[in-house]
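# Here is the input, now give the coordinates:
(one chain, ligands or ions: 1)
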Amino acid sequence: MAADAHCVCLDDFEKYAEKHLSLMTWIYYCSGADGETTLKENRRSFRRIRLKPRVLRDVSTRDLKTTILGREIDIPICISPTAFQGLAHPDAEAGTSRASGTFNTCMILSSVSSLSLEDICCAHSGGTKWMDIYVWPNPRVTKDMVQRAEQAGCKGIVVSVDICQVGFKRRMAYVAGDIVPRNAIIANFDKYCKNGIMNETTFLDEVKCGDPSATWADIDWIKSITKLPIILKGIMTVEDALIAVEHKVNAIMVSNHGGRQLDGVPATIDVLAEISKAVGDKIEVYMDGGVRTGTDVLKALALGARAVFIGRPVIYGLAYKGEEGVKNVLQILKDELSLAMALSGCRTIKDINESIVMEKNLYCRL
Ligand SMILES: Cc1cc2nc3c(=O)[nH]c(=O)nc-3n(C[C@H](O)[C@H](O)[C@H](O)COP(=O)(O)O)c2cc1C
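Sure, this is the predicted structure:
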């Protein structure tokens, strides 16, 4: 399950995917919005942060376990929702589900998945599954999806709030076309087309993003239709984080959608500390965007994330070897984090705090 000669770090999976996926699929996965400033910045900003290791602290055993919303996970490395995993490998989301279950971590299911949420949840009963939804224009669809997620055993509802319209991907436009044919049936929405809630030819426009007229009142409404905890994904400012606290959501994820929505926003790692400080211990804060190494995970936890989530590396793992490839990705990150903890003097996740990173005003000038 550990690294092999081809893939010893997460960048190797990306190179493999670039070489082996069709051009269209590759561009769909790797691209970011507009000039891709934010996409690049997500990774660059991690490299600017420097660590301050402590020594002589008996790190002979390390414990990587933590909890998210009260549920124990074995590693603070979880899986962000990414659409259409079937384009990467026939194992699709079922492979990701089995890999995340084996590592007892959290997987967020994309609503725009190749397999239905029921099939993904059934694939492995281990780990924690959260369901990602948008505030769709049709409330019947939103409500039904939440109920299906509850019935299938999901333990949280993630509302992606940064996609009231889909960001423009220039690189996709250059290779011409849309990854999803107009007449595609997407597993989760199949039933709404069949029973007439959605129009078979226009439903894609309705489901590919949230309703642009959505407001915080919609979050209150989603809270009112479920007992599951609500996690808001796509929070990038202290202001919105504080409003999220007022609306009593359970957690937020600092995310810029992997640089796929508004180009020009900062790297998530650059706003994480101010957001996590502002909300304190009122709600949990997670982050995603550009996490590719164990030291990236260490830095994000030090700057206030309770756990990190990864998007593209999972797809690239699938492209490499399906379920096994996703396990490879998780194992490498786990090993790298464990080593980084040892070398920085941290035995448990609780030992990781801001004192092990250099002050922001110092590393920002690098
Ligand atoms: C191909 C692709 C599809 C995605 N689909 C979704 C989605 O369906 N819902 C969502 O909230 N975010 C989606 N995202 C964003 C991811 O959840 C995540 O925020 C991002 O990939 C994290 O950055 P990283 O890829 O650098 O790890 C997608 C990202 C990619 C690359």
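# where does the stretch 251-366 of the chain have low pLDDT?
Low-confidence segments of the stretch 251-366 of the chain, defined by pLDDT under 70, span residues 365-366.
# Look through it and state the residue closest to the ligand.
Here the stretch 251-366 of the chain gets closest to the ligand at one residue, residue 311, 2.1 Å apart by C-beta to the nearest ligand atom. All C-beta atoms are positioned from the backbone trio N, CA, C, and that covers glycine.
# Now that residue. Its backbone dihedrals?
phi -110, psi -80 (degrees, to the nearest 10).
# Grab the nearest non-local neighbour of it.
residue 80 (4.1 Å; C-beta to C-beta, 6 or more residues apart in numbering).
# quick one: that neighbour and residue 72, what's the gap?
To residue 72, residue 80 is 20 Å away according to C-beta to C-beta, to the nearest Å.
# sorry, back to before: the residue of the stretch 251-366 of the chain closest to the ligand and residue 288 touch, don't they?
Yes - with contact defined as C-beta atoms under 8 Å, residue 311 and residue 288 form a contacting pair (6.1 Å).
# about what we covered before: tell me, how many residues neighbour the residue nearest to residue 311?
27 (other C-beta atoms under 10 Å).
# same question, residue 147
Neighbours of residue 147 (other C-beta under 10 Å): 12.
# Please apply the same query to residue 361.
Residues lying near residue 361 (other C-beta under 10 Å) number 7.
# Using the three-state scheme, assign it.
For residue 361, the assignment made with DSSP: H, G, I helix; E, B strand; the rest coil gives helix.
# and the most centrally placed residue in the chain, backbone torsions?
Centroid check for the chain by C-alpha atoms, centre = their mean gives residue 80 as the closest residue, at 2.1 Å. The phi and psi values for residue 80, taken as degrees, to the nearest 10, are phi -80, psi 160.
# how close does it sit to residue 310?
Counting by C-beta to C-beta - residue 80 and residue 310 are separated by 6 Å.
# Determine the residues that are contacts of both of these two.
Here residue 80 and residue 310 have residue 288 as joint contacts, going by C-beta atoms under 8 Å, 6 or more residues apart in numbering.
# Close to the ligand: what parts of the stretch 101-250 of the chain are there?
Contact residues (C-beta under 6 Å from any ligand atom) of the stretch 101-250 of the chain with the ligand: 110, 112, 132, 160, 233.
# The closest residue to the second one other than its chain neighbours: how many residues sit nearby?
Going back to what we said before, that points to residue 112. Residue nearest to residue 112 in three dimensions, not counting chain neighbours: residue 83, with 4.0 Å by C-beta to C-beta, 6+ apart. Using other C-beta under 10 Å, residue 83 has 20 other residues around it.
# Quick check: which element contains residue 83?
Using DSSP states H and E, residue 83 sits within no helix or strand.
# For residue 110, give me its contacts.
Counted by C-beta under 8 Å, 6+ apart, residue 110 has contacts 81, 82, 83, 84, 85, 93, 132.
# how near is it to residue 46?
With C-beta to C-beta as the criterion, residue 110 and residue 46 are 24 Å apart.
# what packs against the helix or strand containing residue 18?
If you go by DSSP H and E, residue 18 is part of helix 10-20. Helices and strands touching helix 10-20, as assessed by 3 or more C-beta pairs under 8 Å, 6 or more residues apart in numbering; DSSP states H and E, comprise helix 23-30, helix 312-344.
# Export the ones you listed as a markdown table, with columns for mean neighbour count.
A markdown table is the format used below for the helices and strands packed on helix 10-20 (neighbours: other C-beta atoms under 10 Å):
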| stretch | mean neighbour count |
| --- | --- |
| helix 23-30 | 18 |
| helix 312-344 | 23 |
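# all strands of the stretch 101-250 of the chain, in order?
Assigned by DSSP state E, counting those that start in this stretch, the strands in the stretch 101-250 of the chain fall at 106-109, 128-133, 156-160, 230-235.
# circling back to that earlier point, for residue 311 and residue 288, list the residues in contact with both.
Common contacts of residue 311 and residue 288, defined by C-beta under 8 Å, 6+ apart, comprise 80, 258.
# okay, those two: which has more neighbours?
Between residue 311 and residue 288, counting by other C-beta under 10 Å, residue 288 is the more crowded of the two (27 against 22).
# Could I get the contacting residues of that one?
80, 253, 254, 255, 258, 268, 308, 309, 310, 311.
# Tell me the bridge partners for it.
When bridges are called by DSSP bridges, residue 288 pairs up with residue 309.
# Distance of it relative to residue 260?
Taking C-beta to C-beta, one finds residue 288 at 12 Å from residue 260.
# likewise residue 227?
Separation of residue 227 from residue 260 (C-beta to C-beta): 31 Å.
# what residues does the stretch 251-366 of the chain put near the ligand?
Counting by C-beta under 6 Å from any ligand atom, the stretch 251-366 of the chain sits next to the ligand at 255, 257, 258, 260, 288, 289, 290, 291, 310, 311, 312.
# Was I right to think the first one contacts residue 267?
No - no contact is recorded between residue 255 and residue 267 when judged using C-beta under 8 Å, the distance being 11.1 Å.
# Compare the two (neighbour count), which wins?
Per other C-beta under 10 Å, whichever of residue 255 and residue 267 has more neighbours is residue 255, with 25 against 22.
# could you show me where the helices are in the stretch 151-300 of the chain, in order?
All helices of the stretch 151-300 of the chain, identified by DSSP state H, counting those that start in this stretch, fall at 170-174, 190-194, 203-207, 216-224, 238-246, 268-279, 294-302.
# and of the contacts of residue 288, the nearest to residue 350?
When the contacts of residue 288 are compared for distance to residue 350 (C-beta to C-beta), residue 308 wins out at 16.0 Å.
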